[in-house]
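**Q** only geometry, no sequence info:
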Ligand SMILES: Cc1ncc(C[n+]2csc(CCOP(=O)(O)OP(=O)(O)O)c2C)c(N)n1
Ligand SMILES: [Mg+2]
């Protein structure tokens, strides 16, 4: 098996190359993806290798997504890149009113076999229109599949699964993780669009997270370990379909639940996780569940301001400590 | 114009354009040394457009620009120290550090703001123009967009709407040769922007965007049409971006020799040649350099944006 140590963005590139090679009907398009090799390098070399199947579009997000839908229901397998998650909002009608409806309303006659790749999140200095985490808006829409890759391995596997799927899949990447490396098996078995993963085990608290926040949770977890508090961390990976079994199993042991995401707290997908756990096993909770997200606000550009709003590892660690040992006493 | 007046007028334009140029070069340096964080889009090479337009615009006019909007803000009279401070994430009087390089506003200076969603400023400028008509203010809404923005639905919706609603909207398309890393001609056929306006029954003109007087004349005509006959107007200003699309752009997409050729036609070089008085232009540059150093000093004394204020001001009413 060929295992390579590659960056997250390179893993995306490998998945796209895999798809172009495997599916002759696949096409890739977006702004600056072909001749310039992609704004972040995701499509590097693909135009040279696959010619016209990789092409640049004008800055027309609504038309881009609509084109993907029309091409998909006509037998192609489009992968469209939306440069920033914030720009999905320009294409909202196409995504929600058009793409999400196609299969159901046609009673299966239309197959919206398309993938929308984007990246999101705040980085120091990024403006309010280039820093949002918007996954909850799309997870709210039945008919769409929504995934967030928290590392290079998932960037590869989840994107392959998305492109292989007959459903419309929205993949949120994280540009803040693009340079992070991991060992990725390039010819492993193709995954389905589903499945969460336990990435660390501990008996004191269950922490559910996804996307870039997972690495912040893992940083916080190390700090907690040093203070004798041990967390299970579940990387949810897919918000749709939702796989909460590992969460239920873990909460059955820990009795405590926290959900961490970079998106705004109110209306964030964390609320959905809390609700499901309460519905399923509320009586087994020994403490009220906690949501840790961005403070409900617009995202300011100044790094000193955005840091005050985002769920940093320090803030995550502090809130988890309060959950586990509310009085400040060390956990038993 | 008498021979005595001509140099004074041209020197004033030169000074304004050089102020923008030197500001942008200083920003580049601040990025390099880490005093500015995040991606930043400079208007080096395009200074004649905001300077030419602002010579004609009135305080009552509303201007909206893009992320490449430092030059528009400066041309509208936004103080340099405040602008430096905003870009540096300090508690600037503009937006308290919330806007940053790509999305700040200065309504006190008739600058409703930059915009980092390509094309999104046009509907807002349409509304600003509509308000001015309702208020009988004899003023316009002017929006500057890039050539790439002409492919956004919101822009076309606004062009048609401005025409049918008879709104004094002026759209300035700064055609700078590139849409990020893709050459403009790969995405739109020339002169598409002027023709697009015609398709909506909107008067338009193609101008040399490296000549501030040509831009000024076009904006004067556009403004007169917009106010006089309550009709929108579109100006396509041909210019050239001489630096990367954003601060991290390696510009591998530029064909060899392209920049050298563009530098011969760039607005400051050209105007200096017209003025043809090295002593005078040198003096302007020295004065601007001194001014910038002072303004940067002031900006550096502004404290960083206060994290305790991060949640303040989301609503007009009760905070939560
Ligand atoms: C809706 C939207 N899509 C994409 C982008 C990313 N983007 C930023 S600038 C730019 C190119 C714009 O080109 P143009 O309109 O010609 O303006 P220029 O940058 O050349 O001044 C793109 C694609 C964006 N900011 N907003
Ligand atoms: Mg352009």
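**A** Everything's here; your move. On a predicted model such as this, the values are computed, not experimentally measured, just so you know. Ligands and ions are numbered 1, 2, ... in the order given.
**Q** Quick check: next helix or strand after the helix or strand hosting residue A:249?
**A** Assigned by DSSP states H and E, residue A:249 belongs to helix A:245-254. Next helix or strand after helix A:245-254 toward the C-terminus (DSSP H and E): strand A:257-264.
**Q** So for that following strand, what gets flagged as buried?
**A** Buried positions in strand A:257-264, judged by neighbour count with 16 or more other C-beta atoms under 10 Å in any protein chain shown: A:257, A:258, A:259, A:260, A:261, A:262, A:263, A:264. All C-beta spots, glycine's among them, are computed from the backbone N, C-alpha and C.
**Q** could you list every residue that touches the nearest residue to the second one once chain neighbours are set aside?
**A** Okay, so that is residue A:258. Excluding its sequence neighbours, the residue lying closest to residue A:258 (C-beta to C-beta, 6 or more residues apart in numbering or on different chains) is residue A:290, at 4.4 Å. Residues near residue A:290 by C-beta atoms under 8 Å, 6 or more residues apart in numbering or on different chains: A:257, A:258, A:259, A:319, A:320, A:322, A:323.
**Q** check whether the one helix or strand residue A:70 maps to contacts chain B.
**A** Using DSSP H and E, the element containing residue A:70 is helix A:61-72. Yes. Residues of helix A:61-72 contacting chain B under C-beta under 8 Å from any C-beta of the partner chain: A:62, A:63.
**Q** do the same with stretch A:313-329
**A** No. Judged by C-beta under 8 Å from any C-beta, stretch A:313-329 stays clear of chain B, getting no closer than 12.1 Å.
**Q** and the residue nearest to residue B:311 when sequence neighbours are not counted, which of the three is it?
**A** Spatial nearest neighbour of residue B:311, excluding adjacent residues (C-beta to C-beta, 6+ apart): residue A:297 at 5.6 Å. Of the three states, residue A:297 takes coil under DSSP: H, G, I helix; E, B strand; the rest coil.
**Q** Next, give phi and psi for residue A:297.
**A** Phi and psi for residue A:297, reported as degrees, to the nearest 10, are phi -170, psi 170.
**Q** same question, the one 5 residues further on
**A** Comment: the main-chain dihedrals of residue A:302 come out as phi -60, psi 130, following degrees, to the nearest 10.
**Q** what about it, neighbour count?
**A** By other C-beta atoms under 10 Å in any protein chain shown, the residues close to residue A:302 number 30.
**Q** which residues touch it?
**A** A:125, B:89, B:90, B:96, B:97, B:98, B:100, B:304, B:305.
**Q** In ChimeraX, how would I select just the buried ones from those?
**A** In ChimeraX, a selection of the buried entries from the contacts of residue A:302 looks like this (16+ other C-beta under 10 Å):
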select /A:125 /B:89,90,96,97,98,100,305
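**Q** Roughly how far does residue B:261 sit from ligand 1?
**A** 18 Å (C-beta to the nearest ligand atom, to the nearest Å).
**Q** for residue B:201, same thing?
**A** For residue B:201, the distance to ligand 1 - C-beta to the nearest ligand atom - is 24 Å.
**Q** what does chain B have sitting close to ligand 1?
**A** Counting by C-beta under 6 Å from any ligand atom, the residues of chain B close to ligand 1 are B:66, B:68, B:116-118, B:146-149, B:176, B:178-180, B:245.
**Q** ok, now chain A?
**A** Residues of chain A lying close to ligand 1 (C-beta under 6 Å from any ligand atom) are A:31, A:59, A:61, A:83, A:87, A:90.
**Q** just checking, which of these belong to helices?
**A** The helices, defined by DSSP state H, take in residue A:61 from those.
**Q** re the thing from before, closest one of the contacts of residue A:290 to residue B:199?
**A** Taking C-beta to C-beta as the measure, residue B:199 lies nearest residue A:259 of the contacts of residue A:290, at 50.8 Å.
**Q** list the contacts for the closest one?
**A** A:207, A:208, A:209, A:269, A:270, A:273, A:274, A:289, A:290, A:291, A:292, A:293.
**Q** For the stretch 201-320 of chain B, which segments count as helices?
**A** Shown for the stretch 201-320 of chain B, the helices assigned by DSSP state H, counting those that start in this stretch span residues B:212-229, B:258-265, B:267-275, B:278-300.
**Q** Where does pLDDT dip in chain A?
**A** For chain A, the stretches with pLDDT under 70 are A:327-332.
**Q** Which strand or helix spans the residue lying closest to residue A:267 once chain neighbours are set aside?
**A** The shortest distance from residue A:267 to any non-neighbouring residue, by C-beta to C-beta, 6+ apart, is to residue A:136 (6.1 Å). Element membership for residue A:136 (DSSP H and E) is helix A:135-139.
**Q** Paired strands for the helix or strand that that helix is followed by, with orientation please.
**A** Next along the chain after helix A:135-139, taking DSSP H and E as the criterion, comes strand A:145-148. Next to strand A:145-148 in the sheet, as set by DSSP bridges, lie strand A:169-174 (parallel), strand A:238-240 (antiparallel).
**Q** Let me see the contact set for residue 113.
**A** Chain wasn't specified; assuming chain A. By C-beta under 8 Å, 6+ apart, residue A:113 lies in contact with A:72, A:77, A:165, A:166, A:167, A:168.
**Q** The intended chain is chain B.
**A** B:64, B:65, B:69, B:99, B:103, B:104, B:105, B:106, B:107, B:121.
**Q** residues near the closest residue to the first one other than its chain neighbours, how many?
**A** Translated: residue B:64. Take residue B:64 and drop its neighbours on the chain: the residue closest to it by C-beta to C-beta, 6+ apart is residue B:121, 4.1 Å away. Neighbour count of residue B:121, defined by other C-beta under 10 Å: 29.
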